[in-house]
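> Compute the structure for the input listed below.
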Amino acid sequence: MNWIWGLGVVALVALAFLGLGLPEDERAMECTWAGPVSDADWPMFRYNIARTGFNPVEDTARPPFELAWSFETDGKMCGASPSVVDGILYVGSSDQNVYALDAATGCEIWRYATEGTIFSTPAVFGGIAYVGSYDGNVYALDAYDGGLVWSYETGTQGSTFPEVRSSPAVVNGMVFIGSHDHVFYALDAEKGTCKWSFETRSLVSSSPAVVDGVVYFGSWDSIVYALDAETGAEIWRYDTQDVVFSSPAVVDGVIYIGSDDSNVYALDAATGDEIWRFETGDNVRCSPAVAEGVVYIGSYDSCFYALNAETGEEIWEYETGHWIRSQPAVANGVVYFGSFDDWFYAVDAVSGILLWSYRTRSAVSAAPTVVNGMVYITSWDGSVYAFGPSG
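You can find the predicted model right below:
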């Protein structure tokens with residue numbers, strides 16, 4: 001991103017000076033951007049294109065935490081996960097806006113208004129933030145000033161579910177993303193034109209993983225798909241017999257994914273053959289995190305599970321007070337996840353023992369982001385929360 005460093009700083013200084021896009025009660029605050037905090041960014045949904053949810057370089061974040069700041073969007077609900085790049089946090093809300101906030105202070109830098117709720121997590125690469133909206137469009141925004149670079153209209157307009165909920169993966173100049181028009185798209189990252197598309201039989205809410213030239217995702221038609229990333233040609237499919245809302249994680253040649261049939265699956269990434277399955281007590285709309293030989297995932301049975309990645313055997317489980325759809329994040333020996341019981345949890349990755357928790361004012365359904373010693377979450381109370389070291 002160094003190629004636009006100077007322009008980014010100028011734009012941000014101008015925004016801070018003018019107070020453009022800031023709520024009136026925030027404009028009196030000094031809003032300056034300190035620049036990159038670390039090379040250890042969290043640039044997309046689930047941290048990386050394999051969607052593992054594991055930040056292996058984070059070695060400072062550790063409970064207990066205290067609230068560093070919170071930012072209230074104009075929406076009644078905030079169900080998207082944050083991305084953090086170069087000291088800027090990017091997130092969407094039900095108020096139809098994409099926000100850029102100072103990751104250290106929570107001060108608003110810019111916002112961009114779409115025409116639909118945003119559950120998609122921005123993917124930030126090369127100074128561009130790519131994100132989907134419930135208005136049926138995929139947007140590419142300038143990461144430093146929020147200006148529109150391009151938008152792509154999927155085929156959802158006029159349909160019952162005109163949404164792009166999937167979070168994009170950006171790989172080799174292509175943006176991969178699913179839509180509720182039943183189609184999966186590969187877009188040119190620079191121009192926003194469609195390079196290829198693949199039609200499923202139902203909604204595509206799942207966010208793709210891209211590994212070794214293959215794109216993996218699920219659909220509400222119950223299928224897990226593997227497509228050639230360059231051409232869109234189908235390589236294999238696996239039928240779970242129920243909705244696949246979950247997004248895949250791919251590690252060491254194995255795909256881990258949940259299904260509404262209550263199972264967590266491990267599939268061979270090359271062939272799609274089932275390796276194992278683990279049955280929970282309800283829908284698995286959570287997407288797994290995989291770290292150091294363990295699969296971490298929640299279920300609508302209100303339990304959070306740690307499973308042996310090789311065998312699928314349960315290592316431990318932790319029970320919350322409601323559904324779990326929040327995708328876990330793993331860093332520095334701690335697993336972080338939220339629940340529809342309004343609580344955000346931090347548990348020991350080895351033992352499953354609760355280390356720390358925080359209650360928001362509503363459900364926590366999105367994935368947390370753990371980077372640079374900080375933990376960021378969103379809640380259905382419409383807010384973004386940032387937690388730092390206690391004391």
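
> Now do the same contact list for residue 335.
With contacts defined as C-beta atoms under 8 Å, 6 or more residues apart in numbering, the neighbours of residue 335 are 289, 296, 304, 306, 328, 329, 346, 347, 348, 349. C-beta here means a position set from N, CA and C on the backbone, and glycine is covered the same way.

> From those residues, which land in strands?
289, 296, 304, 306, 329, 346, 347, 348 (DSSP state E).

> When you filter those residues down to buried only, what's left?
For those, a neighbour count by 16 or more other C-beta atoms under 10 Å gives the buried set as 289, 296, 304, 306, 329, 346, 347, 348.

> ok, the ones in strands among the contacts of residue 335 vs residue 384, which is closest?
For residue 384, the closest of those turns out to be residue 329, at 15.2 Å, with distances computed as C-beta to C-beta.

> ok so, going back, using CSV, please lay out the contacts of residue 335 together with distance to residue 93 and pLDDT.
Formatted as CSV, the contacts of residue 335 follow (distance: C-beta to C-beta, whole Å; pLDDT from 0 to 100):
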residue, distance to residue 93, pLDDT
289, 24, 98
296, 26, 98
304, 26, 98
306, 31, 98
328, 22, 98
329, 20, 98
346, 24, 98
347, 27, 98
348, 32, 98
349, 30, 98
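
> Reformat those residues as JSON lines; add distance to residue 144.
What follows is the contacts of residue 335, written out as JSON lines (distance: C-beta to C-beta, whole Å):
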{"residue": "289", "distance to residue 144": "30"}
{"residue": "296", "distance to residue 144": "34"}
{"residue": "304", "distance to residue 144": "37"}
{"residue": "306", "distance to residue 144": "39"}
{"residue": "328", "distance to residue 144": "31"}
{"residue": "329", "distance to residue 144": "26"}
{"residue": "346", "distance to residue 144": "32"}
{"residue": "347", "distance to residue 144": "37"}
{"residue": "348", "distance to residue 144": "39"}
{"residue": "349", "distance to residue 144": "35"}
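
> Residue 100: which of the buried ones among the ones in strands among the contacts of residue 335 is nearest?
Closest approach to residue 100 among those (C-beta to C-beta): residue 329, at 20.8 Å.

> any idea how far residue 184 is from that closest one?
In this structure, residue 329 lies at 25 Å from residue 184, with C-beta to C-beta, to the nearest Å as the measure.

> ok, now residue 98?
Separation of residue 98 from residue 184 (C-beta to C-beta) stands at 22 Å.

> now swap in residue 46 and tell me
The span separating residue 46 from residue 184 equals 17 Å under the rule C-beta to C-beta.

> on that earlier part again, out of the contacts of residue 335, which is nearest to residue 122?
Checking the contacts of residue 335 against residue 122 by C-beta to C-beta gives residue 329 as the nearest, at 16.3 Å.

> my guess is that closest one meets residue 371, correct?
No - at 9.3 Å, residue 329 and residue 371 do not qualify as touching, with contact defined as C-beta atoms under 8 Å.

> you'd agree residue 112 is in a strand?
Yes - under the criterion used here (DSSP: H, G, I helix; E, B strand; the rest coil), residue 112 sits inside a strand.

> ok, back up a step: could the buried ones among the ones in strands among the contacts of residue 335 go into a markdown table alongside distance to residue 241?
Conversion of those to a markdown table gives the following (distance: C-beta to C-beta, whole Å):
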| residue | distance to residue 241 |
| --- | --- |
| 289 | 24 |
| 296 | 24 |
| 304 | 24 |
| 306 | 25 |
| 329 | 29 |
| 346 | 34 |
| 347 | 31 |
| 348 | 35 |
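
> Return the member of those residues nearest to residue 378.
Using C-beta to C-beta, residue 329 comes nearest to residue 378 of those, at 12.7 Å.
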